[in-house]
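Peer 1: After the sequence you'll find the predicted model.
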Amino acid sequence: MALITLRQLLDHAAERGYGVPAFNINNMEQALAIMEAAAACDAPVILQASRGARGYAGDLMLRRMVEALAETWPGIPICLHQDHGNDEATCMTAIRHGFTSVMMDGSLMADMKTPAPYDYNVQITERVARMAHWVGASVEGELGVLGSLETGEGEAEDGHGAEGKLDHSQLLTDPAQAEDFVAKTGVDALAIACGTSHGAYKFSRRPDGEILAMSVIEEIHRRLPNTHLVMHGSSSVPQELQNIINENGGQMPQTFGVPVEEIVRGIRHGVRKVNIDTDCRMAMSAEFRRIATKNPREFDPRKFLKPAMDAMARLCRERFEAFGTAGNAHRISPLPLDGMAKRYASGALAPVPSTSKAA
Ligand code: G3H
Ligand code: 13P
Ligand code: ZN
């Protein structure tokens, strides 16, 4: 069984200078699409489940499914990660259900709507990191609140995100505070805020440095060269998928995502985990619409789902190749959680190893 922790995977990515897309899953079809893509290009995989996904599929189904994926593709290391854990209970129950990694998102209070005070974020993240490391699991923290630099609003499109207006000091991670946060919490990876937001409606125009602050990533990487950085809200919202959706009865207003070349720039500056959900949703639902329009008499779900899986697999493979993930699965021998726990206990894993050759 090739389950891997986020920490081991991102240490490898840092050593070799690549990034790993973290794709959200809610069901078997999404998971199969990602695995087909990974197997086709020898990429290690991060599958992440939000609280919503855990509620939708159920913890037992997710766990058994990921075990089955690992058995089906023994050569592909799989990290199962809790996306946007809102409190200790969410993170601990995830680990109990076989997740090898959790995100403790203390940038917001547990309601996932109210921006949290810095001290709260430090304390809850440190607590989760300490507990997770006892059993060898990894922890991602977040500093700064995701949201648009154009509108000052968090993105509530997918049901979570800050409410009300935020100023730039909240929407952009403070590099000096990032140093303090990493030192105090012992996180394995740090999610930063740089103007990206969840969902399809990120930017009203192709983003430039005014609204997508890649310079913040560069400065944080300069100060914390050995910390694995995470970009959330990193769907590119491809124009061709917007077109297919709108040509087949959809009504998506014109929108812009994070260009792949900006993510690649981030990877050159310490970004190791790149969160992508919306692009996969769009790739699948564009196919549903296309097939429903082309063949209105069709009603077999497989006739919709198989092409949708193929479309999502193509998108995932493109990201694996663009981020340099492809070709690395066979180079990694996943350590079991117990082995990782021993490494934390011996002090070997804190902070992130200075052998990292991140650009
Ligand atoms: O965190 C954002 C992801 O897109 C997950 O969204 O909560 O609708 O599953 P979700
Ligand atoms: P997108 O909505 O841009 O795909 O972001 C997903 C994400 O950040 C999940 O945590
Ligand atoms: Zn996110």
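Peer 2: It's in. Numbers count the residues shown, from 1 in each chain. Ligands and ions are numbered 1, 2, ... in the order given.
Peer 1: quick one: residue 99 and residue 301, what's the gap?
Peer 2: 29 Å (Cβ to Cβ, to the nearest Å). Glycine gets a C-beta too; all of them are placed from N, C-alpha and C.
Peer 1: which one of these two has more residues nearby?
Peer 2: Between residue 99 and residue 301, counted using other Cβ atoms under 10 Å, the more crowded position is residue 99 (30 against 11).
Peer 1: any idea which element the more buried one lies in?
Peer 2: Taking DSSP states H and E as the definition, one finds residue 99 inside no helix or strand.
Peer 1: Need phi/psi at it.
Peer 2: phi -70, psi 140 (degrees, to the nearest 10).
Peer 1: residues touching it, list them.
Peer 2: Going by Cβ atoms under 8 Å, 6 or more residues apart in numbering, residue 99 touches 49, 80, 81, 82, 137.
Peer 1: ok, which pair from these is furthest apart?
Peer 2: Across the contacts of residue 99, no pair lies farther apart than 49 and 137, at 14.2 Å, counting by Cβ to Cβ.
Peer 1: what does the stretch 51-200 of the chain put close to ligand 2?
Peer 2: Within the stretch 51-200 of the chain, the positions adjacent to ligand 2 are 83, 84, 198, 199 by Cβ under 6 Å from any ligand atom.
Peer 1: Report the helix or strand with the lowest average pLDDT across the chain.
Peer 2: One helix or strand of the chain scores below all others by mean pLDDT, DSSP states H and E: helix 168-171, with a mean of 92.
Peer 1: circling back to that earlier point, filter the residues of the stretch 51-200 of the chain next to ligand 2 by proximity to ligand 1?
Peer 2: 83, 84, 198.
Peer 1: So what's the residue count around the closest residue to the second one other than its chain neighbours?
Peer 2: Pointing back at residue 84 there. Nearest residue to residue 84, sequence neighbours excluded (Cβ to Cβ, 6 or more residues apart in numbering): residue 105, at 4.7 Å. Neighbourhood size, residue 105 [other Cβ under 10 Å]: 28.
Peer 1: which ones are touching residue 105?
Peer 2: 84, 85, 86, 112, 141, 142, 191.
Peer 1: next SSE after the helix or strand containing residue 68?
Peer 2: Assigned by DSSP H and E, residue 68 falls within helix 59-72. Next helix or strand after helix 59-72 toward the C-terminus (DSSP H and E): strand 78-85.
Peer 1: hmm, back to that, residue 49 and residue 137: which is more packed in?
Peer 2: residue 137 (29 against 26).
Peer 1: Isn't the more buried one up against residue 4?
Peer 2: No. The pair residue 137 / residue 4 is not scored as a contact, 11.2 Å apart, by Cβ atoms under 8 Å.
Peer 1: Now the common contact residues for the two.
Peer 2: residue 100.
Peer 1: So which bits of stretch 230-242 are buried?
Peer 2: Residues 230, 231, 232, 233, 234, 235, 236, 237, 238, 241, 242 are the ones in stretch 230-242 that count as buried (16 or more other Cβ atoms under 10 Å).
Peer 1: Mind listing residues that contact that stretch?
Peer 2: Taking Cβ under 8 Å, 6+ apart as the rule, stretch 230-242 contacts 22, 140, 142, 146, 155, 189-192, 194, 196-200, 202, 217, 252, 254-260, 263, 266, 271-279, 282-283, 286, 315.
Peer 1: Now do the helices in the stretch 251-359 of the chain.
Peer 2: 260-267, 278-294, 301-322, 337-345 (DSSP state H, counting those that start in this stretch).
Peer 1: re earlier: least confident pick among the contacts of residue 105?
Peer 2: The member of the contacts of residue 105 with the lowest pLDDT is residue 112, at 93.
Peer 1: Could you check how far it is from residue 324?
Peer 2: 32 Å.
Peer 1: out of the contacts of residue 105, who's nearest ligand 2?
Peer 2: residue 84 (5.8 Å; Cβ to the nearest ligand atom).
Peer 1: mind listing what residue 112 touches?
Peer 2: Residue 112 neighbours (Cβ under 8 Å, 6+ apart): 84, 86, 105, 160, 161.
Peer 1: Excluding chain neighbours, give the residue nearest to the last one in space.
Peer 2: Closest residue to residue 161 in three dimensions, ignoring its sequence neighbours and counting by Cβ to Cβ, 6+ apart: residue 154, at 3.8 Å.
Peer 1: Per-residue pLDDT of that neighbour, please?
Peer 2: Listed pLDDT for residue 154 reads 81.
Peer 1: what does the one 4 residues further on give?
Peer 2: The per-residue pLDDT reported for residue 158 equals 57.
Peer 1: Residue 308 now?
Peer 2: 98.
Peer 1: Can you name the residue of the stretch 1-150 of the chain nearest ligand 2?
Peer 2: For the stretch 1-150 of the chain, Cβ to the nearest ligand atom, closest residue to ligand 2: residue 83, 4.6 Å.
Peer 1: distance of that residue from residue 103?
Peer 2: The value you get for residue 83 to residue 103, if Cβ to Cβ is used, is 6 Å.
Peer 1: more crowded one of these two?
Peer 2: When neighbours are counted by other Cβ under 10 Å, residue 83 and residue 103 differ, and residue 103 comes out ahead with 32 against 25.
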